[in-house]
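Student: sharing a sequence plus its predicted fold:
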Amino acid sequence: MENQRTTPVPMFTEVDRNIFLRDVYPKRRPAVLRGVNLGPCLEKWTVGYLGQKGGDKDVRIHVSTVPQMDFLQKNFVYKTLPFHEFVKRAAEKKHSEFFLCDDESYYLRSLGEDVRKEPADLSKQFPSLAEDFHIPQFFEPDQFFSSVFRISSCGLQLWTHYDVMDNLLAQVTGRKRVVLYSPQDALHLYLSGDKSEVLDIDSPDLERFPEFVKAQRYECVLEPGDVLFIPALWFHNTLALQFGVGINVFWRHLPAESYDKKDPYGNKDPLAATWALQALERALHTLDKLPPDHRDFYGRRMIQRIQQRTRLALSNATKEGL
């Protein structure tokens, strides 16, 4: 995009656990890891093989008439298909059978058996396929949270959002473009919860979103076999350049008690952050008892205090080499 700075995501080759923990993880920045052993999935996972192994298991999918899916405006519908039928349709450009139109786009984000209680786990939902995929052992086993199957039609683009846990995006088949933004650019992304309101990041409406150009854009294209490390709180937007299959592996990088135990998706803010945001809402509500000029004055003092704390935290993190 014109006027927005773009930086390529650095790439590391032949990464093992020691190299990841020494050279990649401490920097808390995205990195493409090439040459990680993901197992026989790289050779086996053709459309036919996936359909055969996944079988008749019903999956809940997103279906949209446009490839640019928007979670805030919900420009898609949820439908259910047998897994083998879903894979067949997602790999097609035109559909003889469809829900909305013959060029509709499909997206699967796998779920736990009890979606309200259990995180997604490839070994439980698709055990025969899980045998083909080797999870990179870059974290301790008790930190594991979920392994999420993601399958996209060619051209499908997902909304910009952040996750609260560190994760690895393993691209098994197909090519995928990923654009990322630093947590430090959050104020330029027009957030609604954990999602950006800027749907078209390549040609944004700068009358509505003038600050967006100030966000530094990090970009990479994942080839089959590549793994992208996405640190917690880094915003990311994905575009499937081909029909593609990927797996996200999330792990708890903070102490387990930091997270909401009733969060099977792993996308609720850490408990301390939730409490702080709730306290802020109470403080703003309290300011409403004052006249407008006083609300403005004390609101600015609150902003100043937050900025001071933020600068101090960033300064300390820099000194510690984070």
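Tutor: Perfect, I can see it now. Residues are numbered from 1 along each chain as shown.
Student: now do the same for the residue nearest to N75 when sequence neighbours are not counted: its pLDDT.
Tutor: Of all residues not flanking N75 in the chain, S64 sits nearest, at 5.9 Å (C-beta to C-beta, 6 or more residues apart in numbering). Quick note: C-beta positions are derived from backbone N, CA and C, even for glycine. pLDDT recorded at S64 is 96.
Student: so what's the residue count around S64?
Tutor: S64 has 21 neighbouring residues, counting by other C-beta atoms under 10 Å.
Student: beta partners of it?
Tutor: S105 (DSSP bridges).
Student: so what's it up against?
Tutor: Contact analysis of S64 by C-beta atoms under 8 Å, 6 or more residues apart in numbering lists N75, F76, V77, L100, E104, S105, Y107.
Student: mind checking how far it is from L42?
Tutor: Per C-beta to C-beta, to the nearest Å, S64 is found 29 Å from L42.
Student: ditto for P292
Tutor: According to C-beta to C-beta, P292 stands 62 Å off from L42.
Student: more neighbours: which of those two?
Tutor: Per other C-beta under 10 Å, whichever of P292 and L42 has more neighbours is L42, with 16 against 8.
Student: and the nearest residue to the more buried one once chain neighbours are set aside, how many neighbours?
Tutor: Spatially, and ignoring its direct neighbours in sequence, L42 is nearest to G225 (5.4 Å; C-beta to C-beta, 6+ apart). G225 is flanked by 17 other residues according to other C-beta under 10 Å.
Student: what about the longest helix belonging to the chain, distance to the chain center?
Tutor: In the chain, ranked by residue count with DSSP state H as the criterion, the top helix is helix 292-319. Here the centre of helix 292-319 is set off from its chain's centre by 28 Å, with C-alpha atoms, centre = their mean, to the nearest Å.
Student: next up, phi/psi of L199, please.
Tutor: Backbone geometry at L199, expressed as degrees, to the nearest 10, gives phi -80, psi -50.
Student: from R175, how far off is it?
Tutor: In terms of C-beta to C-beta, L199 sits 22 Å off from R175.
Student: higher neighbour count, these two?
Tutor: The neighbour comparison of L199 against R175 (other C-beta under 10 Å) goes to L199, with 20 against 17.
Student: once you drop chain neighbours, what's closest to that one?
Tutor: D70 (5.1 Å).
Student: the contacts of S64: which two are farthest apart?
Tutor: Greatest spatial distance in the contacts of S64: L100 and Y107, 13.4 Å, computed using C-beta to C-beta.
Student: between the two, which is the more surrounded one?
Tutor: When neighbours are counted by other C-beta under 10 Å, L100 and Y107 differ, and Y107 comes out ahead with 21 against 14.
Student: skipping adjacent residues, who's closest to the more buried one in space?
Tutor: Nearest residue to Y107, sequence neighbours excluded (C-beta to C-beta, 6+ apart): H62, at 4.2 Å.
Student: wouldn't the one you found be in contact with L100 here?
Tutor: No: if you go by C-beta atoms under 8 Å, H62 and L100 don't touch, sitting 11.4 Å apart.
Student: overlap in contacts, these two.
Tutor: Taking C-beta under 8 Å, 6+ apart as the criterion, H62 and L100 both touch V77.
Student: enumerate every residue touching E97.
Tutor: Contact analysis of E97 by C-beta under 8 Å, 6+ apart lists R89.
Student: retrieve the pLDDT associated with it.
Tutor: At E97, the model reports a pLDDT of 93.
Student: quick check, it in a strand?
Tutor: No: assessed with DSSP: H, G, I helix; E, B strand; the rest coil, E97 is coil; it does not lie in a strand.
Student: how near is it to K88?
Tutor: Distance from E97 to K88, by C-beta to C-beta: 9 Å.
Student: H236 and L180 touch, don't they?
Tutor: Yes: H236 is in contact with L180 according to C-beta under 8 Å; the separation is 4.8 Å.
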